[in-house]
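Novice: Sharing a model that was predicted from the sequence below.
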Amino acid sequence: MLDKTSILLIGLGSIGKRHLRNILSLGYTAISIVSRSGKLPEEFDRLPVYNSLDKALAHQKFDAAVICIPTALHMATLMSLLDAGIKNIYVEKPVSHNYEGITEVINKSKEHGTRIIVGFDLHYDSGLQKVKELIVSNAIGTIVSANAQVGQYLPDWRPHEDYRLGMSARKETGGGVMLDLVHEFDYLYWLLGDVETIASFNNNSGSLEIETEDVAEVLLKFTNGAIGTIHLDYLQPKLVRNCMLTGSNGSIFWNLVDSKVKWIDDQKQEQEFSYAGFERNDRFINIIKDFLEKNDNAFTTSLQQGLQSLRMVLAAKHSSEKNVFVNLNQFNHSTITCLF
């Protein structure tokens with residue numbers, strides 16, 4: 001029964017509230033919250049709340065946990081949940097901000113038989129799913145290049161908060177466009193497979209009064225021979241998120257803002273897929289539903305898969321810092337750890 005599944009939700013910021021509302025809408029009721037304040041908004045005040053993870057874990061056993069706290073706290077939280085014997089864990093993307101503690105988490109999750117799902121909800125976007133379908137069906141032949149971009153003005157993300165004090169603005173919490181907007185690294189890996197070589201320039205323009213990078217340009221070479229670029233920024237006045245895929249027999253253009261996928265074949269025949277009725281929150285409902293129902297499929301992201309995008313980001317940061325191309329096969333964990 002749904003109401004007998006005990007769930008611990010850790011962190012009640014904007015993404016934590018979204019997940020909590022969605023979990024409740026799915027019919028789950030045995031939910032406890034960890035929030036530093038020890039208090040809940042009125043809409044959730046019937047639920048048990050703890051002001052620390054240790055207190056929650058000492059009080060009862062949980063079947064599942066959802067981690068919605070700053071990226072830099074993910075590893076320590078995962079270790080605590082693994083030690084508590086929780087077998088089903090959802091962690092918001094990215095997995096972490098560096099590789100410290102990753103090996104221990106991997107080993108312990110294998111030892112305990114724990115399922116860890118990473119929150120890459122863009123896999124549940126109907127447009128990206130259509131793009132994946134077109135690639136698999138060879139609709140435009142062999143993919144030769146991919147150009148992804150995303151940008152949105154950081155002060156508009158959470159207008160009721162001072163963005164300069166938030167996670168995105170601070171290095172210690174794992175902020176910056178490359179980790180914050182890691183979706184682009186992840187979905188290109190999801191669509192095209194492993195990346196062989198990566199290079200990047202990232203920069204803090206100074207215009208936002210933050211300490212993290214607010215713009216980045218990344219160059220990728222995939223193992224299958226395709227090449228690609230990623231543009232990320234905190235600066236564009238209106239949200240931009242799209243990707244152009246060029247193939248040997250045509251091209252595909254996905255535009256999240258317009259909720260459209262367009263493609264053209266080698267005969268210059270154009271087609272369009274519109275998903276304008278698809279709500280953004282549908283992605284979050286579907287991913288948390290699959291997590292709670294243990295429905296692993298083509299859209300869910302395992303811990304090992306989620307680490308691929310983190311590895312790319314850290315290699316890109318290293319490339320920018322050292323002004324070098326980075327071969328991911330030679331970019332080892334000790335190198336990554338020393339970056340931070």
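Specialist: Looks like it came in fine.
Novice: Contacts only, for residue 190.
Specialist: 120, 123, 132, 301 (CB atoms under 8 Å, 6 or more residues apart in numbering). Backbone N, C-alpha and C define where each C-beta goes, glycine included.
Novice: Which secondary structure element is home to it?
Specialist: helix 183-192 (DSSP states H and E).
Novice: partners of the very next helix or strand once past that helix in the sheet?
Specialist: Downstream of helix 183-192, the first helix or strand assigned by DSSP H and E is strand 195-203. Strands flanking strand 195-203 in the sheet, each with its direction: strand 215-222 (antiparallel), strand 326-327 (antiparallel) (DSSP bridges).
Novice: Now mean pLDDT, distance to residue 265 and mean neighbour count too, for the ones you listed, in TSV please.
Specialist: As requested, the strands paired with strand 195-203 are exported to TSV (pLDDT from 0 to 100; distance: least, CB to CB, whole Å; neighbours: other CB atoms under 10 Å):
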stretch	mean pLDDT	distance to residue 265	mean neighbour count
strand 215-222	98	22	20
strand 326-327	96	35	18
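Novice: possible to save these as TSV with distance to residue 264?
Specialist: Output for these, formatted as TSV (distance: least, CB to CB, whole Å):
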stretch	distance to residue 264
strand 215-222	22
strand 326-327	34
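Novice: and residue 88, which of these is closest to it?
Specialist: Among the strands paired with strand 195-203, the nearest to residue 88 by CB to CB is strand 215-222 (32.3 Å).
Novice: In PDB, could you pull the C-alpha coordinates for that closest one?
Specialist: C-alpha atoms of strand 215-222 as PDB (Å, rounded to 0.1, in the frame of the first residue of the first chain):
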ATOM      1  CA  VAL A 215      29.300  31.800 -18.200                       C
ATOM      2  CA  ALA A 216      31.000  28.800 -19.800                       C
ATOM      3  CA  GLU A 217      31.800  27.400 -23.200                       C
ATOM      4  CA  VAL A 218      32.600  23.700 -23.500                       C
ATOM      5  CA  LEU A 219      33.900  21.600 -26.400                       C
ATOM      6  CA  LEU A 220      33.300  17.900 -26.600                       C
ATOM      7  CA  LYS A 221      34.500  14.900 -28.600                       C
ATOM      8  CA  PHE A 222      32.400  11.800 -28.200                       C
END
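Novice: angle of that strand against helix 183-192?
Specialist: 20 degrees (axes from the mean of the first three to the mean of the last three CA atoms, to 10 degrees).
Novice: can you give me the offset of strand 215-222 from its chain's centre?
Specialist: Offset of strand 215-222 from its chain centre (CA atoms, centre = their mean, to the nearest Å): 17 Å.
Novice: For the residue nearest the centre of the chain, what are phi and psi?
Specialist: By CA atoms, centre = their mean, the chain has its centre lying nearest to residue 93, at 3.4 Å. Dihedral pair for residue 93: phi -80, psi 150, per degrees, to the nearest 10.
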